[in-house]
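A.B. asks: test case, fold it:
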Amino acid sequence: MLLPLAFLALGFWEQQRGADGTAELAQQRMQAAKTVAVLESRPDMSARYRRNGQNYAGPLAVTQARAALAEVEQAQRLHGYRLFLPPVVMACAALVAGLSVLALLASVLLGRLGRASRDALVRGFSVVRRLLPPLMGAQVVLATVGVVAVIAFEASAIIEAGDVSGAGVKVLGFAAVGIGAALWTAAKAVMQLRRALDLFTPDPLIINGRQLSRAEAPGLWRKLDALAGKLGALLPDNVVVGLTGGFFVSSGPKILRPGGTALAGRTLYLPLPYLPLLAEDEVAAIIGHELAHFSGGDTEYSLRFMPIYAGVGRSLDAVAEAGTAGDGSLSPLLRPAMRLGMFVMDQFHHAVRHWSRRREFAADAAGASVTSAGAAARALLRHAAATPRIEGALNAAFAAPGDAPADLVAAILWESQAGGLADPAPHLEDIQPHPTDTHPPTRQRLVALGREPGPALLAEAAAAPPPEATERLAAYFADPEGLNRAATAEFLGMAHDSARQLHEALTEAAAGVEEAPVLLHENTRGGAIFLFCFGGLLIAASLAVVALKPPGMETVNGWIIAAAGGGLGLFFVVCGIPYLRRGRRPFLELRPDTLLIDGLDRPIAWAHVADLDMTAHQGRVVTRILLPPEAPFPERRKGGRRVRLDAKRRIITFAAAPPRRMKVQGYAEIIARYRQADAARRSLAQ
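C.D. replies: Purely as a prediction, here's the structure:
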């Protein structure tokens with residue numbers, strides 16, 4: 001709202017200046033017309049008129065007076081056109097502000113309605129998804145028209161005043177560039193927003209696991225039948241088990257890895273490592289929780305939300321992509337539209353979080369209804385206590401698949417029986433992971449179940465699984481050992497594939513730089529040539545003035561002007577020489593293991609670069625290198641380029657123009673490539 005209101009005030013100010021200019025031009029025309037009338041009444045040589053520092057007499061005086069009158073009248077005509085611009089600025093600003101107010105009020109109202117009804121939330125924000133891109137596009141177009149009108153009003157004042165040389169020409173050039181940039185940015189944003197209106201098809205959910213039939217998991221399916229009957233819930237169409245992730249349900253399209261099997265319909269996913277670590281009633285509470293999402297239509301509700309989230313998110317991405325500058329800042333033209341989109345998304349999030357909390361609490365209550373509140377509470381804490389043990393074992397196996405056991409589920413159970421589970425107390429504020437939905441923190445879910453996480457409950461959750469836990473999987477599956485080994489083999493196969501792909505990527509990155517030193521030279525030749533040419537032109541002009549001796553040259557001031565012009569030209573030529581020399585001397589030497597900055601007494605190992613950032617500033621790139629405390633810190637070398645050393649903060653800073661035949665992006669990419677190559681070689685060595 002602030003930017004449109006600021007432009008509205010600017011439009012009022014320009015309108016007031018325009019009214020003042022109208023009165024001033026009317027006064028000038030009246031005076032010019034009066035002067036012409038007076039001079040025309042004196043046909044003899046007694047007429048006198050002074051214009052532009054020159055005195056005119058007789059007929060020339062009348063001619064010059066008429067020319068002055070014509071200039072004033074032309075300025076009046078141009079000023080008449082300028083008077084149309086401030087109302088355009090005010091109208092565009094008022095429309096942008098009005099659209100923002102309507103959108104803000106509508107999003108707040110829809111958010112409140114959405115918190116009262118899930119159907120109202122989906123319907124309301126479905127409308128928002130369709131209307132937000134055109135609304136943001138209209139804001140961008142109106143803001144652009146307003147900015148162009150402001151620039152045109154201010155620039156046309158130079159033409160109106162007749163100052164079309166020197167500084168006036170520069171201002172007009174800047175104005176033309178500003179108008180072009182504004183139109184280009186707006187056009188990009190509108191085209192991007194048009195694509196945001198395209199229909200969205202959600203990508204299938206990727207699940208690492210395998211589907212189980214009733215014959216493969218007879219006990220599990222019997223339990224599902226019983227729990228679904230108690231809850232009055234729909235049975236899943238598919239049951240999938242795997243080693244990773246947590247318990248969840250989904251109704252959208254899915255693809256199983258590594259087999260690539262496509263699944264549709266209601267799917268229940270169960271992580272195998274948790275099943276022997278949780279008691280039977282705890283597993284039942286969790287499965288009841290998940291089946292309750294089917295009975296409440298929660299999974300279908302999530303699927304309906306995906307296109308809405310994607311549409312609003314893509315609208316914001318379109319504006320950001322079109323208006324983000326090289327330094328990461330957003331164009332002021334697009335800020336009202338971006339702020340509006342972000343506010344709408346926030347209202348959306350508030351309503352979604354509201355229903356997410358209610359859905360999860362209701363599902364927890366459903367899970368407790370088929371077991372008990374105590375079992376549901378223990379299941380939450382037991383899940384939190386088992387997660388660190390399971391993730392630690394899986395991460396270690398994924399990092400070193402060749403050393404992993406053939407049955408990871410049995411290995412995790414054995415380690416848990418030997419050392420117990422983790423203390424769940426530090427994880428009470430954690431949110432259980434889910435591929436499509438969010439959960440409230442564990443502490444809030446326990447409170448909703450009427451259970452406080454006291455010492456006794458926490459100790460029970462962290463206790464080691466009993467010896468009979470090894471038989472729990474047999475109650476669910478026909479061949480639990482074979483299933484565990486098959487799931488482990490698939491997991492380790494993906495780990496081997498990942499390691500192979502990582503090795504190939506590291507090898508490619510390590511080979512992405514030359515073994516021979518690469519010398520980077522500043523691209524200062526263009527600046528040197530400009531200084532030489534400009535200085536040469538000034539010297540040539542001064543010599544031409546001396547040779548031609550125009551009127552007034554014989555005066556002292558004439559000789560001073562000629563000498564000053566020649567001296568200034570010589571100064572520019574002399575200044576161009578260091579530019580030319582600086583470009584001949586490399587400012588940076590890149591090697592596979594080190595970089596050497598001209599001006600330092602020693603190279604810097606890539607392995608010692610803790611952080612590096614590059615910032616473009618006034619045509620040069622400022623590079624800052626952070627060294628860790630254990631790395632040797634260099635010193636300045638006499639005769640080298642200027643390098644700023646901050647030994648206390650361990651920072652090295654130097655500035656340079658982009659290298660020859662490179663732009664800023666290319667310069668940053670070659671530095672990043674050498675850093676990545678060194679990191680890749682060290683990773684391969686490990």
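A.B. asks: tell me the secondary structure at residue 515.
C.D. replies: coil (DSSP: H, G, I helix; E, B strand; the rest coil).
A.B. asks: do I have it right that it meets residue 590?
C.D. replies: No. The criterion here is Cβ atoms under 8 Å, and residue 515 misses it with residue 590 at 11.2 Å. Placement of C-beta: from N, CA and C, glycine included.
A.B. asks: who has more neighbours out of these two?
C.D. replies: Higher neighbour count among residue 515 and residue 590: residue 590, with 21 against 8, using other Cβ atoms under 10 Å.
A.B. asks: okay, the more buried one: pLDDT?
C.D. replies: The confidence metric pLDDT takes the value 92 at residue 590.
A.B. asks: do the same with residue 686
C.D. replies: Looking at residue 686, its pLDDT is 82.
A.B. asks: how many residues are close by it?
C.D. replies: 5.
A.B. asks: same check on residue 646?
C.D. replies: Around residue 646 there are 12 residues (other Cβ under 10 Å).
A.B. asks: what of the one 10 residues further on?
C.D. replies: For residue 656, the number of neighbouring residues by other Cβ under 10 Å comes to 21.
A.B. asks: what's across from it in the sheet?
C.D. replies: Beta-bridge partners for residue 656, by DSSP bridges, are residue 621.
A.B. asks: so how far is residue 640 from it?
C.D. replies: Look at residue 656 and residue 640: by Cβ to Cβ, to the nearest Å, they are 12 Å apart.
A.B. asks: and if you look at residue 422?
C.D. replies: Distance from residue 422 to residue 640, by Cβ to Cβ: 56 Å.
A.B. asks: what about the two, which has more around it?
C.D. replies: Each of residue 422 and residue 640 has its neighbours counted (other Cβ under 10 Å); residue 422 has more, 19 against 15.
A.B. asks: check contacts around the spatially closest residue to that one that is not a sequence neighbour.
C.D. replies: Leaving aside its sequence neighbours, residue 422 sits nearest to residue 388 (Cβ to Cβ, 6 or more residues apart in numbering; 4.2 Å). By Cβ atoms under 8 Å, 6 or more residues apart in numbering, the residues touching residue 388 are 421-422, 427.
A.B. asks: mean confidence for the longest helix along the chain?
C.D. replies: Counting residues, the longest helix found in the chain (DSSP state H) is helix 118-161. Averaging pLDDT along helix 118-161 gives 78.
A.B. asks: can you check stretch 421-433 too?
C.D. replies: Averaging pLDDT along stretch 421-433 gives 81.
A.B. asks: buried residues of that stretch, list them for me.
C.D. replies: Buried positions in stretch 421-433, judged by neighbour count with 16 or more other Cβ atoms under 10 Å: 421-422, 424, 427-428, 432.
A.B. asks: do stretch 400-411 as well
C.D. replies: 401, 404, 407-411.
A.B. asks: make a markdown table from those residues and add distance to residue 617 and pLDDT to it.
C.D. replies: Converted to a markdown table, the buried residues of stretch 400-411 look like this (distance: Cβ to Cβ, whole Å; pLDDT from 0 to 100):
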| residue | distance to residue 617 | pLDDT |
| --- | --- | --- |
| 401 | 48 | 92 |
| 404 | 51 | 94 |
| 407 | 59 | 95 |
| 408 | 53 | 96 |
| 409 | 57 | 95 |
| 410 | 60 | 95 |
| 411 | 56 | 95 |
